[in-house]
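Engineer: no sequence on hand, only this structure:
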């Protein structure tokens, strides 16, 4: 607007200068050359030269909006955790370790539910919380259990070492008799079974095992030939996987 007003003012000035040169008779005479040139230069300057007080507008090209493709997103599904439990489908022994060589802590009855804290898949055993166990835990065979919850999340557990059991208690001989007659010797022995975990008994004669007897045996009788002057030494030996122990010896001589 300011530029337009300035231009109009300049044109008015030029016209006024021209009008001053009109003759009184009304004859129109051209203005002097210097006036024409000055007026023309003024108009040209106003048309070409921008106003010092008006800033020039800069037309900036606005870039077209671009769309950046969004990378494909993969949804991660986190499974819901629930406490791993087992339920017994039969009466089951809970032991100090995963195997029959470990001691029985308690026998749980069918439908009992227990929390799982570990696993020993090599022998299909579960380590469970057990309020009845001194350690607070015991091992159940997985053959007769039903598992539920996040049992797949329980850690594998290294079994404890097998306890070293002492050999069974030695038998105590209570009674024995022998009879040597006509080349035949008959011996009868009775003893007290003091062992609770024996595998069996052996009769040892003159440092040779001459008989194998089952667990809980309490007597033995044999008849064998002899020669005059033969000496006999007998032991009753009890044994299991941990070792063997013997009774006090009995000994005699057949004349």
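Structural biologist: Ah, there it is. If you're wondering where the values come from, they're calculated on a predicted model, not measured in any experiment. Numbers count the residues shown, from 1 in each chain.
Engineer: gap between residue 230 and residue 192?
Structural biologist: 28 Å (C-beta to C-beta, to the nearest Å). C-beta coordinates here come from the backbone N, C-alpha and C atoms, glycine included.
Engineer: show the average pLDDT along stretch 135-148.
Structural biologist: Summarised as a single mean, pLDDT over stretch 135-148 is 95.
Engineer: buried set for that stretch?
Structural biologist: Judged by neighbour count (16 or more other C-beta atoms under 10 Å), stretch 135-148 contains these buried residues: 137, 138, 139, 140, 141, 142, 145, 147.
Engineer: in which helix or strand would I find the closest residue to residue 179 other than its chain neighbours?
Structural biologist: Nearest non-adjacent residue to residue 179, counting by C-beta to C-beta, 6 or more residues apart in numbering: residue 186, 4.8 Å away. Assigned by DSSP states H and E, residue 186 belongs to strand 184-192.
Engineer: what residues are up against the residue nearest to residue 179?
Structural biologist: With contacts defined as C-beta atoms under 8 Å, 6 or more residues apart in numbering, residue 186 is in contact with 178, 179, 221, 222, 223.
Engineer: bridging residues for residue 140?
Structural biologist: residue 94, residue 126 (DSSP bridges).
Engineer: can you pull the contacts of it?
Structural biologist: Counted by C-beta under 8 Å, 6+ apart, residue 140 has contacts 86, 88, 92, 93, 94, 95, 108, 114, 125, 126, 128.
Engineer: how close does it sit to residue 151?
Structural biologist: For residue 140 relative to residue 151 (C-beta to C-beta), the value is 13 Å.
Engineer: mind listing the shared neighbours of these two?
Structural biologist: Contacts common to residue 140 and residue 151, judged by C-beta under 8 Å, 6+ apart, are residue 86.
Engineer: please report which of the contacts of residue 186 has the highest neighbour count.
Structural biologist: When neighbours are taken as other C-beta atoms under 10 Å, the top entry among the contacts of residue 186 is residue 178 (16 neighbours).
Engineer: quick check: closest non-adjacent residue to that residue.
Structural biologist: Once flanking residues are discounted, residue 178 sits nearest to residue 187: 4.7 Å by C-beta to C-beta, 6+ apart.
Engineer: wait, doesn't the one you found sit right on residue 211?
Structural biologist: No. Residue 187 lies out of contact with residue 211 (C-beta atoms under 8 Å); the separation is 11.0 Å.
Engineer: those two: which is more packed in?
Structural biologist: Neighbours were counted for residue 187 and for residue 211 using other C-beta under 10 Å; residue 187 has more, 20 against 14.
Engineer: what's across from the more buried one in the sheet?
Structural biologist: Under DSSP bridges, the beta-bridge partners of residue 187 are residue 178, residue 222.
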